[in-house]
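Engineer: can't give you the sequence, but here's the structure:
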């Protein structure tokens, strides 16, 4: 992974930087010892590591603003960090940077049930937001797989999704307002407990901007009433094509399931060996379709779904009739990533494809897998076409990481070529930065970079991410 | 004034590049039915996207529609209806309120960020948008997003384009996530509630797990009693269950009547199009507030300005009609939004009034500077709808 040369002026300012950060945040708000910086040298994309100059852990928006002003005055780039669960290297440091972590800002600021909003500091984890309101019958809808650990700050930066976004949308559809510290260290309020913007949709622009337009310290989020119940049905099919066709027919029928999860044969077998969820081993593809509502509503929706699936000659159809059976159906799916970990090291991709191209994409994936001699297991959100192929490899075998990355790049190009995109919910980070020109033309990226010019004229926030280094170079070096 | 009507995106690029070089300010229009939204534009020529028209791709099994910006909304809605689907965001038709004529286009609805009653459950116009193509003020075609509903590749300019009133670029194509039409839809009606009580009923309804996707209140007027309206939809059995359960939740507010069929459709069309103010004189405002703040603000503005009001979006959207004298109520209304948070937009007034008062909520200085910076980057010559949003 190519990263830009560290800025000599920033490196030279280290001592002054540490002194001023310590004055502003206290000794316990700044990490600078080499052995402690190691904890921040990577995120969940562990193949790439680089310790930062320092880590700042402010406790308030005011302290974040002060940190940003100190870094700006010394020409030191900032890498914002939520919980460090990015699979795309979204919070990978550069050697000349300060990590600005919001982990200590994890308080609920306001819960307002009548208006269905909660306001939190963005260091709070995704699951803790739901945890704060579920006792009163509410939940926060976006549910990325990492929700136990990932922070709202990172969810906003990457516009995170989850299994249930077919019905509830992703972060941007559930985010109503933010407090943000600008690249100059100014505090701005955008949106709030009311709907829709007063002018340009700056909130929509900030969500998913990977920490490059500002640092979001507080967020107003939509909370919803918890559904009365939910129940999955598990279905096995003789081929991925048939399962894909079944997904399209379900969606067309007018039922909107809250989740449609897809697993292919390699994934089913690995998962079953690990989790023993009782999945059928003689099928090529498996769907888990979940619907919500009262018992009567669930019955009505499942009846439609089963009728549709019946037309696709399912080899297995197992409808949950109890809480325990529901758990068993989800057990394997939830254990899938862990099970893959038993097979070896893996890279988790995140491309999205038009739902209609699923059979073709799965066939091409199998061909590429054979061509590279690396196993690929597929487990993904089928309703929205967001694929998560897992490329299994051995990190200790020389050259195998590079081979796995090359296969990954080919698979992502395939997603783009059939009309999809490089990343559905993980973000570009450093991981997919150099593939951006496969999806966008230079003029498209130029327009996006022009947005960054407005928010961060000196390109100091989360440097060397999102845009290919070659096309962002003149902007980065102008500062 | 000359009107350019390019038939392709390439022709549009050429027209805009030429205007940028000559610094000719352009008024941008689709079907022209929403031209009176915003401030009057200072233009020397007009560009219409009406000839950039047609459905480019429609995959009902993927809930995906890609459509050229100049396509009439009616054509889009008919194509979707033929497959039992619809646009989730229920865009308002401004013709009756503004007294305009012509055919609303999909590009116009997007450029004005028009969202109807279903906003509270299915999201705004921007939430249904998954991709755009537009021509910026330099005459360059730009693509952002795509045709898949989960896409975080690069910055989200799709949402930025929604509601930017043609001041950042001229839309040529928009991709949407669409939704199925329900098998059944019906409205529960409560009568005679005063505003604060109605607000409590709306809140109780949307905080219950029955997927209420329309929640409006029409205060009493000219002898017609107040009506509080709640819409539920779904599969046959689902809609019935939701209506029955919701009626129980609403029991403390009175016995809810039911409206179905064409009468139900008409109720929500009227809410969507602000039909209460149709054919009446006066300035019309639209306020977006925290729902529980709305009844207090309305009470004060009724007294101060003689405003008539109704509520949508579970009370969070307030429509006001008031005499168009002085600043058309701007300072009193903006005092409320300044105190409570939220924002107010002047939807209907004479051109002179719309030129004199801030039509869109003024932004605090740091945000105003970001907005101005974006405009300067997207349209450096300032030729796209100059003055439409800010003076």
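Structural biologist: Everything's here; your move. Just so it is clear, the structure is predicted and the values come from calculations on it, not from any experiment.
Engineer: got the phi/psi numbers for the most centrally placed residue in chain B?
Structural biologist: By CA atoms, centre = their mean, chain B has its centre lying nearest to residue B:114, at 2.0 Å. Here is the backbone geometry of residue B:114 (degrees, to the nearest 10): phi -90, psi 120.
Engineer: any idea how far it is from chain A?
Structural biologist: As for residue B:114, its distance to chain A is 11 Å (criterion: CB to the nearest CB, to the nearest Å). Glycine gets a C-beta too; all of them are placed from N, C-alpha and C.
Engineer: give me the pLDDT for that residue.
Structural biologist: Confidence at residue B:114, expressed as pLDDT, is 97.
Engineer: that one against residue B:87, yeah?
Structural biologist: No: contact criterion CB atoms under 8 Å: residue B:114 and residue B:87 do not qualify, at 10.4 Å.
Engineer: backbone phi and psi for residue B:180, please?
Structural biologist: Torsion angles at residue B:180 (phi, psi; degrees, to the nearest 10) stand at phi -70, psi 150.
Engineer: residues contacting it?
Structural biologist: Residue B:180 makes contact with A:252, A:253, A:254, A:255, A:256, B:63, B:84, B:85, B:86, according to CB atoms under 8 Å, 6 or more residues apart in numbering or on different chains.
Engineer: again, only this time at 6 Å
Structural biologist: For residue B:180, the contacting residues are A:254, B:85, by CB atoms under 6 Å, 6 or more residues apart in numbering or on different chains.
Engineer: give me the residue from chain A nearest chain B.
Structural biologist: With CB to the nearest CB, the shortest gap between chain A and chain B falls at residue A:204, namely 2.7 Å.
Engineer: element containing that residue?
Structural biologist: Residue A:204 is part of helix A:202-206, with elements assigned from DSSP states H and E.
Engineer: who does that helix touch, helix- and strand-wise?
Structural biologist: Counting contacts by 3 or more CB pairs under 6 Å, 6 or more residues apart in numbering or on different chains; DSSP states H and E, helix A:202-206 packs against strand A:187-191.
Engineer: in the sheet, which strands lie alongside the strand it packs on, parallel or antiparallel?
Structural biologist: Next to strand A:187-191 in the sheet, as set by DSSP bridges, lie strand A:175-181 (antiparallel).
Engineer: what mean pLDDT does the partner strand get?
Structural biologist: Here strand A:175-181 scores 98 as its mean pLDDT.
Engineer: just to check, residue B:225 is in contact with residue B:193?
Structural biologist: No: counting by CB atoms under 6 Å, residue B:225 sits too far from residue B:193 to count as a contact (9.2 Å).
Engineer: ok, these two, which is more surrounded?
Structural biologist: Remark: of residue B:225 and residue B:193, residue B:193 carries more neighbours, 21 against 11, as counted by other CB atoms under 10 Å in any protein chain shown.
Engineer: do stretch B:278-288 and chain A meet at all?
Structural biologist: Yes: counting by CB under 6 Å from any CB of the partner chain, chain A is contacted by stretch B:278-288 at residue B:288.
Engineer: give me the neighbour count for residue A:95.
Structural biologist: By other CB under 10 Å, 15 other residues sit near residue A:95.
Engineer: got a list of what it touches?
Structural biologist: So residue A:95 contacts A:6, A:50 (CB under 6 Å, 6+ apart).
Engineer: got it, and the one 3 residues further on?
Structural biologist: Counting by CB under 6 Å, 6+ apart, residue A:98 touches A:54, A:56, A:71, A:76, A:78.
Engineer: related to what we said a few turns ago, now do the SS call for the closest residue to the residue nearest to the centre of chain B other than its chain neighbours.
Structural biologist: Excluding the flanking residues, the one nearest residue B:114 by CB to CB, 6 or more residues apart in numbering or on different chains is residue B:91, at 4.4 Å. Secondary structure state of residue B:91, per DSSP: H, G, I helix; E, B strand; the rest coil, is coil.
Engineer: residue B:91 reaches residue B:109, doesn't it?
Structural biologist: Yes: using CB under 6 Å, residue B:91 is in contact with residue B:109, at 4.3 Å.
Engineer: neighbour-wise, which of these two wins?
Structural biologist: Using other CB under 10 Å as the criterion, residue B:91 and residue B:109 rank with residue B:109 on top: 27 against 23.
Engineer: what residue spans form the domains of chain A?
Structural biologist: Taking automatic domain parsing as the criterion, chain A consists of the domains A:8-103, A:108-225, A:230-417.
Engineer: hey, least reliable of those domains by pLDDT?
Structural biologist: Looking at the domains of chain A, the lowest mean pLDDT belongs to domain A:230-417 (a mean of 92).
Engineer: and the helix or strand containing residue B:46, what does it pack against?
Structural biologist: Take DSSP H and E as the rule and residue B:46 turns out to sit in strand B:45-48. On a contact count with 3+ CB pairs under 6 Å, 6+ apart, strand B:45-48 meets strand B:2-4, strand B:26-29.
Engineer: sec struct for residue 368, please.
Structural biologist: Using chain A. Of the three states, residue A:368 takes helix under three-state DSSP.
Engineer: nope, chain B please
Structural biologist: Per three-state DSSP, residue B:368 ends up helix.
Engineer: skipping adjacent residues, who's closest to it in space?
Structural biologist: Using CB to CB, 6+ apart and skipping residues adjacent in sequence, the residue nearest residue B:368 is residue B:362, 7.4 Å away.
Engineer: of all the helices and strands packed on strand B:45-48, which one is nearest chain A?
Structural biologist: Within those, the stretch nearest chain A is strand B:26-29; the backing value is 15.8 Å (CB to the nearest CB).
Engineer: now that closest one: how far from the chain's centre is it?
Structural biologist: 19 Å (CA atoms, centre = their mean, to the nearest Å).
Engineer: now that strand: mean pLDDT?
Structural biologist: Strand B:26-29 shows a mean pLDDT of 97.
Engineer: what's in contact with that strand?
Structural biologist: Applying CB under 6 Å, 6+ apart, the external contacts of strand B:26-29 come out as B:19, B:41, B:43, B:45, B:46, B:47, B:48, B:166, B:170, B:383, B:385.
Engineer: now the helices: where do they sit in the stretch 1-150 of chain A?
Structural biologist: A:8-12, A:14-25, A:34-37, A:61-74, A:126-133 (DSSP state H, counting those that start in this stretch).
Engineer: mean neighbour count and distance to chain B for those - can I get that in TSV?
Structural biologist: Output for the helices of the stretch 1-150 of chain A, formatted as TSV (neighbours: other CB atoms under 10 Å in any protein chain shown; distance: least, CB to the nearest CB, whole Å):
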stretch	mean neighbour count	distance to chain B
helix A:8-12	13	25
helix A:14-25	17	21
helix A:34-37	11	29
helix A:61-74	21	12
helix A:126-133	19	11
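Engineer: could you export those helices as TSV, including distance to residue A:104?
Structural biologist: Below are these laid out as TSV (distance: least, CB to CB, whole Å):
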stretch	distance to residue A:104
helix A:8-12	24
helix A:14-25	10
helix A:34-37	15
helix A:61-74	9
helix A:126-133	14
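Engineer: pipe the helices and strands packed on strand B:45-48 into CSV and attach distance to residue A:452 and mean neighbour count per row.
Structural biologist: What follows is the helices and strands packed on strand B:45-48, written out as CSV (distance: least, CB to CB, whole Å; neighbours: other CB atoms under 10 Å in any protein chain shown):
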stretch, distance to residue A:452, mean neighbour count
strand B:2-4, 32, 13
strand B:26-29, 26, 26
